[in-house]
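> with the input below, show me the fold.
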Amino acid sequence: MTMGMKKAEAAGTPVSVEERWEQFYRRGPYALLALSTLISALSVNAFGMTGTETYAAGALVVAALVLQLWWDRIGGGQPLREREQSAASCAYYVVRTVVAFVLTWINPLFAVYAVIGYFDGSYLLPKRAVRPGLLVSSVTMAGSQSGGLPPGSTLQWVLFGGLLLLNGSLTMVFANLGIREAEIAAERTATITELEEANARLEQALAENAGLHAQLLVQAREAGVADERRRLAAEIHDTIAQGLTGIIAQLQVVSGTTDPERAREHLTRAAALARHSLGEARRSVHNLGPAELDHDSLADALEKAVADWGERTGVEARFTVTGTEEVLHDEVAATLLRIAQEALTNTAKHAGAHRAGVTLSYMGDEVTLDVRDDGRGFDPLLPRPRSGSNGFGLGGMRARAERIAGTVTVESEKGGGTAVSARVPLVRHAGAEHHPDRRR
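Next up, the predicted model:
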């Protein structure tokens with residue numbers, strides 16, 4: 001018993017059958033050689049061994065021991081079941097079998113050593129040589145069992161023939177079992193190899209996935225930063241920039257009039273726009289939510305925005321609500337308000353309109369916002385130059401709507417006015433079913 005088996009048994013860990021067989025393959029030849037040498041030495045007189053035969057047997061025993069030590073050394077401690085069949089393994093088996101045959105010829109009791117050939121032939125010999133190798137071992141065993149080699153009488157020959165037939169049959173059984181066990185061991189080794197390769201591939205795939213995951217995180221972070229920048233730019237354009245534009249317009253009127261009353265009126269409007277823009281700037285620092293929606297619903301905020309825009313531009317403006325008004329999610333309400341403000345700003349800048357109308361429609365699972373004017377119109381198919389003043393116009397409105405899974409369409413023709421339509425999902429504010437502002 002090896003130190004490893006002793007530790008395993010001391011620890012209460014069961015030792016497998018394969019491990020016990022491996023110990024037999026490694027230590028069995030030594031034990032059987034020692035046992036057969038001992039009993040043969042005790043039976044020298046019984047078998048009438050001469051001095052020459054005794055010395056020859058001793059030399060062969062030493063040769064068998066040296067052969068076994070050589071075999072263990074080249075094996076390097078590797079289990080027999082895992083060692084590949086080679087010229088060295090064949091030579092070891094053949095020489096050992098010949099030595100055992102000669103020893104048994106000298107003294108039949110050396111068959112105790114020769115029996116080892118039955119057990120490990122399937123691991124040491126090529127598959128086609130296993131049965132012939134085991135057959136030689138069966139000749140040695142039958143000779144020993146019939147009284148020694150060569151048989152000395154007719155009776156011994158008959159006995160030898162019967163025992164050879166018996167041992168030959170046992171040889172076939174051993175051969176089949178050994179070959180099958182070797183195949184199972186080979187399959188097990190191949191399975192282990194495949195599992196190790198699969199584990200290696202899995203580890204490689206996990207490493208690649210980790211790299212891809214890190215790359216995706218970086219890309220997502222970069223995309224989020226870019227999207228946030230666009231959102232901030234659009235927010236600033238829709239709030240502070242529009243407020244400053246309005247202030248400039250009011251001051252231009254003041255600079256071009258000599259009427260103190262009219263100048264005072266436009267200065268008052270400019271101051272109001274400045275205060276409003278300042279509030280928007282402060283809000284942008286916090287959460288970028290429109291100040292108009294702090295205390296008003298979307299419909300109320302739009303109604304005030306349209307009225308202020310009409311008063312400021314002198315364009316006749318009307319606001320209409322259709323359907324059952326809902327308390328919308330903050331992001332949805334803010335998006336529609338900003339789109340309306342941008343569309344009205346574009347109308348004031350480019351349309352030269354006399355009338356404009358804004359309609360907010362609640363239609364089941366979506367909300368639409370329509371901004372129409374009777375201005376000069378334009379060809380929507382022609383590319384519009386991106387400038388610092390209007391770079392976030394139609395493109396900005398579309399980007400805002402797309403962020404909440406909505407769309408913006410534009411219908412226009414030269415001389416026929418313009419219609420901007422935003423269509424977004426109707427997402428209610430949390431607790432909207434019991435909100436006091438929900439009305440028809």
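> what domains does the record give for the chain?
According to automatic domain parsing, the chain comprises the domains 3-203, 306-440.
> closest to residue 250 out of those?
domain 306-440 (7.9 Å; Cβ to Cβ). For every residue, glycine as well, the C-beta is placed using N, CA and C.
> what distance separates the closest one from the middle of the whole chain?
45 Å (Cα atoms, centre = their mean, to the nearest Å).
> any chance of the domains of the chain in JSON lines, plus mean neighbour count, mean pLDDT and distance to residue 270?
Converted to JSON lines, the domains of the chain look like this (neighbours: other Cβ atoms under 10 Å; pLDDT from 0 to 100; distance: least, Cβ to Cβ, whole Å):
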{"stretch": "domain 3-203", "mean neighbour count": "16", "mean pLDDT": "83", "distance to residue 270": "69"}
{"stretch": "domain 306-440", "mean neighbour count": "17", "mean pLDDT": "82", "distance to residue 270": "10"}
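> would you format the ones you listed as JSON lines with distance to residue 256 included?
Below are the domains of the chain laid out as JSON lines (distance: least, Cβ to Cβ, whole Å):
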{"stretch": "domain 3-203", "distance to residue 256": "77"}
{"stretch": "domain 306-440", "distance to residue 256": "15"}
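> and these: which comes nearest residue 274?
Once those are compared by Cβ to Cβ, domain 306-440 is nearest, at 13.5 Å.
> which of the domains of the chain sits closest to residue 269?
For residue 269, the closest of the domains of the chain is domain 306-440, at 6.7 Å, according to Cβ to Cβ.
> which stretches in the stretch 201-350 of the chain count as strands?
Secondary structure of the stretch 201-350 of the chain (DSSP state E, counting those that start in this stretch): strands at 316-322.
> element containing residue 53, please.
Assigning secondary structure by DSSP states H and E places residue 53 in helix 51-75.
> now residue 375
With DSSP H and E as criterion, residue 375 is part of no helix or strand.
> what do you get for the one 4 residues further on?
In this assignment (DSSP H and E), residue 379 forms part of neither any helix nor any strand.
> these two touch, right, it and residue 411?
No - applying Cβ atoms under 8 Å, one finds residue 379 not in contact with residue 411, separated by 11.4 Å.
> give the contact list for residue 357.
Residue 357 is in contact with 317-320, 370-373, counting by Cβ atoms under 8 Å, 6 or more residues apart in numbering.
> take those residues and write them to a markdown table, including distance to residue 353.
A markdown table is the format used below for those (distance: Cβ to Cβ, whole Å):
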| residue | distance to residue 353 |
| --- | --- |
| 317 | 9 |
| 318 | 12 |
| 319 | 15 |
| 320 | 17 |
| 370 | 15 |
| 371 | 11 |
| 372 | 9 |
| 373 | 4 |
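> taking those residues together, which two end up most distant?
320 and 373 (14.5 Å).
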